[in-house]
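A.B. asks: how would this look folded up:
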Amino acid sequence: MKRRQITAIIAALALAVTSTALLTGCVGKSYYYKVNDDGSLERVGEIKKSTEEAASTTSTETSSTDPTEESKSEEPADDSSEEPADESSEEPADESSEEASSDSGETDDNTLAVLTVEMPTDWDAQDVVFKISDSNAKSSSPEVKSEGDGVFSCTVSKFADDGEAFVDAKFNVVFKKGESGTTKTTEDTVISGSKTYTAVQEGKKYILTEK
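C.D. replies: This next block holds a predicted model:
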């Protein structure tokens, strides 16, 4: 009889432990059970958690929230996209190119062409004149610039001395020798843009050949 009761008690205790574990895992609560004389189980009451266990459970649940998520959501927006545009793109244009064009070109919207003529060294002319004319008998004599080594140039305006525009403009060059007064005048050449010419003699004529 005693052996049977002891066996029933052990079985009841094992069942109570198992029930306690299942109930704890499912609902987070534990209960006391007692074994009746007939071997049945009777629930007596709930096992209350201690203050420390409750606090640890609460802290565990709280810590399950990743604090980095909140910090990420509170991070300020990246201001790098609002940085001012690179001011290097607004640097002023190179003034050296403007100076070069003003020094060498001497041209503007009123310029028809820049003419350059190379004189043979044996001509030895001290004075050179460019004469511009057109089919309407308009004319001008632009300023001549010596480039050295028998090379002369001038900037031809679109307008004649009287202010009217040239029509089918052409030019010739007069080379004058200072001491003897000898002159060599080239044949007329149609102006078709800025070009460089070489003065040559063909028989009794002086002509300009394009380089």
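A.B. asks: going forward, measure contacts and count neighbours with C-alpha atoms only.
C.D. replies: Noted.
A.B. asks: ok, then the element right after the worst-scoring helix or strand of the chain on mean pLDDT?
C.D. replies: Scoring the helices and strands of the chain by mean pLDDT, DSSP states H and E places helix 95-100 at the bottom, with a mean of 43. Next helix or strand after helix 95-100 toward the C-terminus (DSSP states H and E): strand 111-118.
A.B. asks: mind listing what that following strand pairs with, with the direction of each?
C.D. replies: Using DSSP bridges, the strands paired with strand 111-118 are strand 151-157 (antiparallel), strand 195-202 (parallel).
A.B. asks: any idea which of those strands is most buried?
C.D. replies: Comparing these by mean neighbour count (mean count of other CA atoms under 10 Å), strand 151-157 ranks first with a mean of 21.
A.B. asks: Quick one: mean pLDDT for the helix or strand just after it?
C.D. replies: Downstream of strand 151-157, the next assigned helix or strand under DSSP H and E is strand 170-176. Averaged over strand 170-176, pLDDT sits at 96.
A.B. asks: again with stretch 132-147
C.D. replies: Stretch 132-147 carries an average pLDDT of 96.
A.B. asks: contacting residues around it?
C.D. replies: Contacts to stretch 132-147, defined as CA atoms under 8 Å, 6 or more residues apart in numbering, come from residues 128-131, 152-157, 160-162, 164, 166-172.
A.B. asks: Restrict these to the buried ones and give me that as a ChimeraX selection.
C.D. replies: Buried residues within those, by 16 or more other CA atoms under 10 Å, are selected in ChimeraX with:
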select :128,129,130,131,152,153,154,155,156,157,160,166,169,170,171,172
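A.B. asks: so what pLDDT did Glu118 get?
C.D. replies: 96.
A.B. asks: ok so, going back, format the strands paired with strand 111-118 as JSON lines; extra columns: mean pLDDT and distance to Trp123.
C.D. replies: Below are the strands paired with strand 111-118 laid out as JSON lines (pLDDT from 0 to 100; distance: least, CA to CA, whole Å):
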{"stretch": "strand 151-157", "mean pLDDT": "97", "distance to Trp123": "12"}
{"stretch": "strand 195-202", "mean pLDDT": "96", "distance to Trp123": "10"}
